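Q: no FASTA, just this:
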């Protein structure tokens, strides 16, 4: 991929606000490795109010997955800004297309979304949102006023840093819980193999493997998951109080704060917090949530997998796993057990 064209890699301003220094260092090293390999020109994300003339009018390609929260956020922004874009679905399900070498070179974080604008590549969600807000004909999502902008970005970063995926997986039950654990195991196994098979990308794959190890520990920590539930309720109480005196999260106008929390609230609604969002429990949030769902950007951003997509994205891997299990059970184990039983019966006669 990098041999075909020179890519401009946008540095991450969002990473500077991360609390985990180790993750910051890993991301920085990975980005530097890719930049060196492709002789990329490194640029910075423009500050709000500075038109990125070099990007205006250039084709936008979004690498995304339908149910990924960061992907949903970026699709919402594209719709709100009235921007045309080409979508490339990266199957982050059992197929793990985000681990393929071409994508690893494009986005060393091995995550979605990734946005290409002309020959510029942006991989951090907050950076993507900043860039998109400078493009298109839609209203500004980030206010020009410093005080208003600070409040908007505070809510944006709170949403971005909240471990919704850990909460989602940690609260799963029954077959859903089993499937999530199985899929995580598949990812970790594949990454271990890739570390050995592709030494040039080994640091990228190892960083992702380390990230998944931390994720696994988190979703299995019942105390942590219980605390996240408490944290969700506390944030919802705070939002409910704010909406008592304003129409939108950061004031009287719809902003990036509302946009990013659209995806978060939709996911909370999907994973068992419907009562917490109800008119009876929190009437202001219920009204706000209804306004969010009425926006034209909602169906573009907030998507669920159709039956066909579920079959396409998850079917082959699940079928293969169950087929192997069936073969092991009926072709290997059953005859083996039968043979042992026969021998024991014979020896007892």
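A: Structure received. Every value quoted in this text rests on a predicted model; they were computed, and no experiment measured them. Numbering: from 1, shown residues only.
Q: Which residue is the nearest non-sequential neighbour of residue 264?
A: For residue 264, ignoring the flanking residues on the chain, the nearest one in space by C-beta to C-beta, 6 or more residues apart in numbering is residue 159 at 5.1 Å. Using the backbone N, CA and C atoms, a C-beta is placed for each residue, glycine as well.
Q: Next up, the contacts around that neighbour.
A: Neighbour list for residue 159: 257, 260, 261, 263, 264 [criterion: C-beta atoms under 8 Å, 6 or more residues apart in numbering].
Q: if I look at the first one, how far off is residue 233?
A: This points to residue 257. Taking C-beta to C-beta, to the nearest Å as the criterion, residue 257 is separated from residue 233 by 20 Å.
Q: do the same with the third one
A: From residue 261 across to residue 233, the span is 15 Å (C-beta to C-beta).
Q: Between the two, which has more neighbouring residues?
A: Neighbour tally, residue 261 and residue 233, criterion other C-beta atoms under 10 Å: the higher count belongs to residue 261, 24 against 14.
Q: The more buried one and residue 236: what is the separation?
A: Shown here: residue 261 relative to residue 236, a distance of 10 Å by C-beta to C-beta.
Q: Strands of this protein, start to end?
A: Under the criterion DSSP state E, the chain contains strands at 8-10, 41-43, 60-64, 86-89, 114-117, 120-122.
Q: Please tell me which one of the contacts of residue 159 counts the most neighbours.
A: Of these, with other C-beta under 10 Å as the count, residue 260 tops at 29 neighbours.
Q: in the stretch 1-150 of the chain, which segments are predicted with low confidence?
A: Within the stretch 1-150 of the chain, the ranges that satisfy pLDDT under 70 run 1-53.
Q: again, only this time at 90
A: Within the stretch 1-150 of the chain, the ranges that satisfy pLDDT under 90 run 1-56, 93-95, 136-138.
Q: Show me the helices in it, by range?
A: Assigned by DSSP state H, counting those that start in this stretch, the helices in the stretch 1-150 of the chain fall at 21-38, 69-80, 101-106, 125-133, 146-161.
Q: what does the second one contact?
A: This means helix 69-80. Contacts of helix 69-80 (C-beta under 8 Å, 6+ apart): 60, 62, 64-65, 85, 111-113, 115, 125, 128-129, 132-133, 136, 138-139, 141, 164-165, 256, 259-260, 262-264, 266-267, 295-298, 300-303.
Q: redo that, cut-off 7 Å
A: 62, 64-65, 85, 112-113, 115, 125, 128-129, 132, 138, 141, 164, 259-260, 262-264, 267, 296-297, 300-302 (C-beta atoms under 7 Å, 6 or more residues apart in numbering).
Q: follow-up on the earlier one: restricted to helices, list the contacts of residue 159.
A: With helices taken from DSSP state H, the overlap with the contacts of residue 159 comprises 257, 260, 261, 263, 264.
Q: and the nearest residue to the fourth one once chain neighbours are set aside, how many neighbours does it have?
A: Among residues not flanking residue 263 along the chain, residue 72 sits closest, at 4.2 Å (C-beta to C-beta, 6+ apart). Using other C-beta under 10 Å, residue 72 has 25 other residues around it.
Q: Pretty sure residue 239 sits against residue 282.
A: No. With contacts counted by C-beta atoms under 7 Å, residue 239 stays clear of residue 282, the gap being 8.0 Å.
Q: Could you check which of the two has the larger neighbour count?
A: More neighbours sit around residue 282 than around the other of residue 239 and residue 282, counting by other C-beta under 10 Å; the figures are 21 against 17.
Q: Quick check: chain neighbours aside, which residue is closest to that one?
A: If you skip the residues right next to it in sequence, residue 282 has residue 240 as its closest partner in space, 4.5 Å away by C-beta to C-beta, 6+ apart.
Q: Now for that neighbour: which residues touch it?
A: Contact partners of residue 240, counting by C-beta under 7 Å, 6+ apart, are 282, 284, 285.
Q: of these, closest to residue 308?
A: Within these, proximity to residue 308 (C-beta to C-beta) peaks at residue 285, which comes in at 33.3 Å.
Q: Next, work out how far apart residue 262 and residue 309 are.
A: When C-beta to C-beta is applied, the distance between residue 262 and residue 309 equals 21 Å.
Q: what about those two, which has more around it?
A: Here residue 262 and residue 309 are set side by side on neighbour count (other C-beta under 10 Å), and the busier one is residue 262, at 27 against 17.
Q: State the distance from the nearest residue to the more buried one once chain neighbours are set aside to residue 269.
A: Take residue 262 and drop its neighbours on the chain: the residue closest to it by C-beta to C-beta, 6+ apart is residue 292, 4.8 Å away. From residue 292 over to residue 269 the distance is 11 Å, taken as C-beta to C-beta.
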